[in-house]
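Trainee: Quick one, fold the following:
(2 chains)
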Protein chains: 2
Amino acid sequence: MIQTPYLLFLGDAVDPLAAKVAQGIRDWRPEFALGQFRLEGCKADMGLPDMGLQEAYDAGARTLVIGVANRGGYISESWRAVLRAALEVGFDLASGLHNLLRDDPELAQTAGGLGRLLHDVRVPSVAYPIANGVKRSGKRLLAVGTDCSVGKMYTCLAMDAEMRKRGMNCDFRATGQTGILITGGGVPVDAVVADFMAGSIEWLTPDNDEDHWDLIEGQGSLFHVSYSGVTLALIHGGQPDALILCHEPTRTHMRGLPSYDVPTLERLRDVALPLAQVGNPDCKAVGISVNTQHMSDAEAEAYLARVEHQMGLPAVDPFRHGATRLVDALD
Amino acid sequence: MIQTPYLLFLGDAVDPLAAKVAQGIRDWRPEFALGQFRLEGCKADMGLPDMGLQEAYDAGARTLVIGVANRGGYISESWRAVLRAALEVGFDLASGLHNLLRDDPELAQTAGGLGRLLHDVRVPSVAYPIANGVKRSGKRLLAVGTDCSVGKMYTCLAMDAEMRKRGMNCDFRATGQTGILITGGGVPVDAVVADFMAGSIEWLTPDNDEDHWDLIEGQGSLFHVSYSGVTLALIHGGQPDALILCHEPTRTHMRGLPSYDVPTLERLRDVALPLAQVGNPDCKAVGISVNTQHMSDAEAEAYLARVEHQMGLPAVDPFRHGATRLVDALD
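Mentor: From the prediction side, this is the model:
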């Protein structure tokens, strides 16, 4: 686990979108976001106090999280100076960048000498077991999508927020680098060796209280030929009791695969549910999450009403309408 | 690729079964199996000439293949002495053992100094791409099973042998260490990082002649929760035109998963075929391969006749009856 709270490093972000990791932390774990650290020319602002390194450390921050994408795929001198200084002040560092902190000789040496941790959340740090398929106590929900990047993480985080508000016993379980940085832990399942994928998800969602829900962030799609194996490992390792079907209705083809059509929600249900029932015969599809960002309010409302009628399940856009009805569907 | 032909190292095999890798090479690529090298007390015999290292090298052998499982998970002193001497004579080494040759400092140093290769076929040696799903020329067949270890590799090797006999244009494509050692190349897909699984299978089965068949060794099963993700990556990366459904009818539960039932062949077809059609809409299930080793001749015959009638597809045990009818089904 990554030590909290965080100081969010926004660097010289070229625009607000470049800082989407920081924004995710700010939105979903505001209690972890003590302050922000910006360089000259930074175009992102989380609305948090701008803090110096020592000031933030004294206020209790323990990890400097790189909340921004880097340009050119390398760590610049101006970034490195801040990161090194943060290690010297007492911070651990956490990053989801492709180029790893541990591969930077200067940072690796400084961290090693001072006993600080470098969390490169894109690569696994655990020797995961092979899945054993044994039924676990507690309940689990998994978001599955007709395609990649349709809002599976957002859906689970929104449900987690709603369930916490109701005082329910739950954990968001991150399976990608953004989710891991937001919540401080998880499994970067894309980077796990094939034999151990399902086992890593069993490890992530162990036996728990009977009333406890794991909200497992989905990855990929059963219909996305590049990543479908990861999705099935999540379905079988996660042993979900409940599936949320996620969809983006304006997409004209599968992400990155111009010759592949996006399946319907009916098809997703009909393929995903029997596969999930291999691991958990009681699994049900309980709700539908639609990303309506490219639709007007009226279009979104009409679309959701139609889907809800066709599928016989609550259909919402959690960004527009919150996750209340999806959580209600868990009863 | 591993240089052929081979000298097969049988070591001090405790019984013939321990040398099943060597037996596979002997059975399926006899032209690669120039001779065998046995230590005192070896209980396996491939019926090949026993050769000294220099003698085998002079006869043309270029790789010493460890064709036997080791005991206790380490490389003994008596093995190491032979392996070192083989490197000095001029051999590369190839191994599918869990403990890697490259991790043995003495062997690594000797090989490095002499410019010999250590092929640890359990780990990938290629930076595989992410799958792009683009339709490839040529034809592909994939074996899928109701469970793990039901005869998928055997089925593809038997079809490959029959197709070669007919002068057809084909390649067996190995996806596990035994198959890789038998044929000298392939992808150890179990050991590939999740994001690259499907891409590794695209890499293994590239564009080819229109009449060429890749016979892709399957792994795992869509119904085996520990490894199903690997199976789906093979289905989507392999883009198969033809599926062979593989089954072992006397199994009482999924291998290693006592509380999981083995699905029927109908269920395998109904789950695997729609998933395969995501990557290749023309994919068909063309035949059934049944491992009848635990049945009498009469039982096997009656079972195969019944399955053939029920499924409307040729059903054979390639070990008992050869793969003629499975190859006929490719027309």
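Trainee: out of everything not next to it in sequence, what's closest to A:T155?
Mentor: Nearest residue to A:T155, sequence neighbours excluded (C-beta to C-beta, 6 or more residues apart in numbering or on different chains): A:S289, at 4.2 Å. In this view, the C-beta of every residue, glycine as well, is placed from N, C-alpha and C.
Trainee: Show the pLDDT at the one you found.
Mentor: For A:S289, the pLDDT comes out at 98.
Trainee: tell me what the strand or helix carrying it is packed against?
Mentor: Here A:S289 sits within strand A:284-290, counting by DSSP states H and E. Strand A:284-290 is packed against strand A:242-247, helix A:265-279, helix A:297-311, strand A:315-316, helix A:324-328, with contacts defined by 3 or more C-beta pairs under 8 Å, 6 or more residues apart in numbering or on different chains; DSSP states H and E.
Trainee: So what touches that strand?
Mentor: A:141, A:143, A:151-152, A:155, A:241-249, A:265, A:269, A:272-273, A:300, A:303-304, A:307-308, A:311, A:313-318, A:325-326, A:329-330 (C-beta atoms under 8 Å, 6 or more residues apart in numbering or on different chains).
Trainee: buried sites along that strand?
Mentor: A:A285, A:V286, A:G287, A:I288, A:S289, A:V290 (16 or more other C-beta atoms under 10 Å in any protein chain shown).
Trainee: From A:A161, how far off is the second one?
Mentor: It refers to A:V286. Here A:V286 is placed at a distance of 18 Å from A:A161 (C-beta to C-beta, to the nearest Å).
Trainee: ok, now the third one?
Mentor: Distance of A:G287 to A:A161, given as C-beta to C-beta: 16 Å.
Trainee: Ok, the first one next?
Mentor: Look at A:A285 and A:A161: by C-beta to C-beta, they are 22 Å apart.
Trainee: Next: A:P16.
Mentor: 21 Å.
Trainee: again with A:E308
Mentor: Distance check for A:E308 against A:A161: by C-beta to C-beta, it reads 22 Å.
Trainee: ditto for A:R29
Mentor: In terms of C-beta to C-beta, A:R29 sits 10 Å off from A:A161.
Trainee: swap in A:L17?
Mentor: Distance from A:L17 to A:A161, by C-beta to C-beta: 22 Å.
Trainee: More neighbours: which of those two?
Mentor: Taking neighbours as other C-beta atoms under 10 Å in any protein chain shown, A:L17 and A:A161 compare with A:A161 leading, 18 against 12.
Trainee: Just give the nearest non-adjacent residue to the more buried one, would you?
Mentor: Spatial nearest neighbour of A:A161, chain neighbours left out: A:W28 (6.8 Å); criterion: C-beta to C-beta, 6+ apart.
Trainee: since we're on the one you found, how many residues are nearby?
Mentor: Using other C-beta under 10 Å, A:W28 is surrounded by 20 other residues.
Trainee: Which pLDDT value does the model give it?
Mentor: Value listed for A:W28 in the pLDDT field: 96.
Trainee: pretty sure it contacts A:R164?
Mentor: No - contact criterion C-beta atoms under 8 Å: A:W28 and A:R164 do not qualify, at 10.3 Å.
Trainee: Could you report the distance from the residue nearest to A:A161 to A:F319?
Mentor: Using C-beta to C-beta, A:W28 is found at 13 Å from A:F319.
Trainee: quick one on the thing from earlier: the helices and strands packed on strand A:284-290: which one's closest to B:V126?
Mentor: In terms of C-beta to C-beta, the element of these nearest to B:V126 is helix A:265-279, at 29.7 Å.
Trainee: and the closest one, what other elements does it pack with?
Mentor: strand A:139-145, helix A:228-238, strand A:242-247, strand A:284-290, helix A:297-311, helix B:265-279.
Trainee: So for the last one, what gets flagged as buried?
Mentor: Same thing as helix B:265-279. Of the residues in helix B:265-279, those buried (16+ other C-beta under 10 Å) are B:L265, B:R267, B:L268, B:R269, B:V271, B:A272, B:L273, B:L275, B:A276, B:V278, B:G279.
Trainee: Name the residues that touch that helix?
Mentor: Under the contact criterion C-beta under 8 Å, 6+ apart, helix B:265-279 has outside partners A:222-223, A:225, A:228, A:260, A:271, A:274-275, B:133, B:142, B:144-146, B:222-223, B:232, B:235-236, B:238-240, B:243, B:245, B:247, B:263, B:283-285, B:288, B:307, B:310-311.
Trainee: who in the stretch 51-200 of chain A is up against chain B?
Mentor: By C-beta under 8 Å from any C-beta of the partner chain, the residues of the stretch 51-200 of chain A that approach chain B are A:130-135, A:189-195, A:197-199.
Trainee: Need the max-distance pair from those.
Mentor: By the measure C-beta to C-beta, A:K135 and A:A191 form the most distant pair in these, at 27.5 Å.
Trainee: Among those two, which residue is more densely surrounded?
Mentor: Shown here are A:K135 and A:A191; by other C-beta under 10 Å, A:A191 has more neighbours (18 against 9).
Trainee: Is the more buried one in contact with B:V193, as I believe?
Mentor: Yes - taking C-beta under 8 Å as the definition, A:A191 is a contact partner of B:V193 at 5.8 Å.
Trainee: Just the buried ones from the contacts of helix B:265-279, in PyMOL syntax?
Mentor: This is how PyMOL selects the buried members of the contacts of helix B:265-279, with burial counted by 16+ other C-beta under 10 Å:
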select buried, (chain A and resi 222+223+225+228+260+271+275) or (chain B and resi 133+142+144+145+146+222+223+232+235+236+238+239+240+243+245+247+263+283+285+288+307+311)
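Trainee: all strands of chain A, in order?
Mentor: Assigned by DSSP state E, chain A shows strands spanning A:6-11, A:33-38, A:63-66, A:92-95, A:118-120, A:139-145, A:170-173, A:213-216, A:242-247, A:284-290, A:315-316.
Trainee: can you list those strands in CSV and add distance to B:F172?
Mentor: As requested, these are exported to CSV (distance: least, C-beta to C-beta, whole Å):
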stretch, distance to B:F172
strand A:6-11, 51
strand A:33-38, 55
strand A:63-66, 46
strand A:92-95, 43
strand A:118-120, 39
strand A:139-145, 35
strand A:170-173, 40
strand A:213-216, 38
strand A:242-247, 38
strand A:284-290, 40
strand A:315-316, 48
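Trainee: Tell me which of the ones you listed approaches A:W79 most closely.
Mentor: The minimum distance between A:W79 and the strands of chain A falls on strand A:6-11, with 5.9 Å, by C-beta to C-beta.
Trainee: could you dump that closest one to PDB, C-alpha only?
Mentor: Once non-C-alpha atoms are left out, strand A:6-11 reads as follows in PDB (Å, rounded to 0.1, in the frame of the first residue of the first chain):
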ATOM      1  CA  TYR A   6      -0.600  12.700  -0.700                       C
ATOM      2  CA  LEU A   7       1.000  15.800  -2.100                       C
ATOM      3  CA  LEU A   8      -0.100  15.900  -5.800                       C
ATOM      4  CA  PHE A   9       2.600  16.700  -8.200                       C
ATOM      5  CA  LEU A  10       1.100  18.500 -11.200                       C
ATOM      6  CA  GLY A  11       4.400  19.400 -12.800                       C
END
